[in-house]
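Novice: Provided below for reference: sequence and predicted model.
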Amino acid sequence: MRVSLLDRSRTREGDSDAESIATTVERAVRADELGFHRFWTAEHHAVPGIAGAAPTVLLAAIGARTRRVRLGTGGVMVPNHNPLVIAEQALLLEALYPGRIDLGLGGSLGFTAPIRRALGRTALHGDDYPIEVERVREYLEGRAEITARPDVGPPPVFLLAVRGGLALAAELGLPAVVGGPTVRDEPRLAAYFRDFRPNATASEPYLVLNVDVSVADTEERARELLLPDAWAYAESRDVGEFRAQRPVGEVRRLLDGTTRERKLKAVDDWVAGALFGTPEQVEASLTELVERTGASEVLANVSTYDRDEVRRTDEFLASLQTPERIAVGPYVRPDTGGAHVRR
């Protein structure tokens, strides 16, 4: 099992956004020490509760503090940027940290209508997204009318399974990242493997599962650790924003005091989509999920109010990997020269 981490720079009640960004950087340093394969950051614009808006900038800072772990965007949202600028930023990161960069691309627009207006894109039409993804690749691979700089070998591209991204990844012969309900959508996952078109950089499909993971001494405690994000998700449907995490005890009191069935169901749905339990239970669940889906990698989202609990879960997930497992995968490790070729 290959395990990587996604960090959304979630804010906690009482912390500033700057403190949340610093926490992400320190967690990446620890992930590097623990031997994780990748550490990815996300793009969320003007969303309360999430401090990270510019994953490429954040990765530049993380790269300076780490040595081995691959660094990725999970992802850059193509509709929000010019394809040339996306390629230039990815190539600059590749020049700074050769053989360690992954460019994850997604197709989501802004979280709310005002954010979409501020970003200058309120809708996508027809083939806009596939065309713009292909333009990014043309700039990366030196196939465009102009040469994107710096002129270095391109980092690998991953597609997030939004806006038909899973089918598009199969068509373009790219690694795919799936999360949410798609993780358990076996027909769609099977279609990715069936329809995958090999190319010069990828001879076979590569599927990454993005899952929320919570580990504790008991199953009930592991479930409780999911409540800060579950409650923020449930609230977002009413208030239109993803608020900062609150302590587990406070969220329990809020849950006990609400009679709104829709909110309680939203919390239950969030928890049901996660993998949680004792170390033995979570290892068994991850193993079963990987074997059932044919995935090559788990991109774990570990998020709760208590940072010590996040650290403990990270350490457990790192223990699932051995050096032999870490060395196997779609791209050569940086210490073998950093070439982007298949093993």
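Specialist: Perfect, I can see it now.
Novice: could you point out which element follows the helix or strand hosting G249?
Specialist: According to DSSP states H and E, G249 maps onto helix 248-257. Once helix 248-257 ends, the next helix or strand along the chain (criterion: DSSP H and E) is helix 261-272.
Novice: list the helices and strands that following helix packs on?
Specialist: Secondary-structure packing of helix 261-272 (3 or more Cβ pairs under 8 Å, 6 or more residues apart in numbering; DSSP states H and E): helix 227-239. No exception for glycine: its C-beta is placed from N, CA and C like everyone else's.
Novice: Contacts for the helix it packs on, please.
Specialist: Under the criterion Cβ atoms under 8 Å, 6 or more residues apart in numbering, residues 10, 49, 212, 242-248, 251-252, 254-255, 262-264, 266-267, 270-271, 303-305 lie in contact with helix 227-239.
Novice: Just the buried residues of those residues.
Specialist: Using 16 or more other Cβ atoms under 10 Å as the burial test, the contacts of helix 227-239 include 10, 49, 212, 242-248, 251, 254, 263, 266-267, 270-271, 303-305 as buried.
Novice: if I look at A46, how far off is F158?
Specialist: Distance from A46 to F158, counting by Cβ to Cβ, to the nearest Å: 25 Å.
Novice: Can I take it that E132 is in a helix?
Specialist: Yes. Using DSSP: H, G, I helix; E, B strand; the rest coil, the assignment for E132 is a helix.
Novice: For it, give me its contacts.
Specialist: Taking Cβ under 8 Å, 6+ apart, one finds 78-79, 83 in contact with E132.
Novice: OK, contacts around the closest residue to M1 other than its chain neighbours?
Specialist: Distance criterion Cβ to Cβ, 6 or more residues apart in numbering; nearest residue to M1, sequence neighbours excluded, is L320 at 5.3 Å. Taking Cβ under 8 Å, 6+ apart, we find L320 in contact with 1, 3, 283, 286.
Novice: Over to Y129?
Specialist: By Cβ under 8 Å, 6+ apart, Y129 lies in contact with 78-79, 107, 163-164, 168.
Novice: again, only using 6 Å
Specialist: By Cβ atoms under 6 Å, 6 or more residues apart in numbering, the contact list for Y129 reads 107, 163.
Novice: in what helix or strand does it lie?
Specialist: Element membership of Y129, judged by DSSP H and E, is helix 128-140.
Novice: Quick check: next helix or strand after the strand or helix carrying D32?
Specialist: Assessed by DSSP H and E, D32 sits inside helix 17-34. As assigned by DSSP H and E, the chain's next helix or strand after helix 17-34 is strand 38-41.
Novice: Adjacent strands (with direction) for that next one?
Specialist: Strand 38-41 has its sheet partners listed here by DSSP bridges as strand 3-7 (parallel), strand 70-77 (parallel).
Novice: quick one: which of those strands is nearest L275?
Specialist: strand 3-7 (11.9 Å; Cβ to Cβ).
Novice: If you count neighbours, what's buried in the closest one?
Specialist: 3-7.
Novice: how many degrees apart are that strand and helix 17-34 in direction?
Specialist: 170 degrees (axes from the mean of the first three to the mean of the last three Cα atoms, to 10 degrees).
Novice: Show me the helices in the stretch 51-200 of the chain, by range?
Specialist: 55-65, 83-96, 113-119, 128-140, 165-172, 186-195 (DSSP state H, counting those that start in this stretch).
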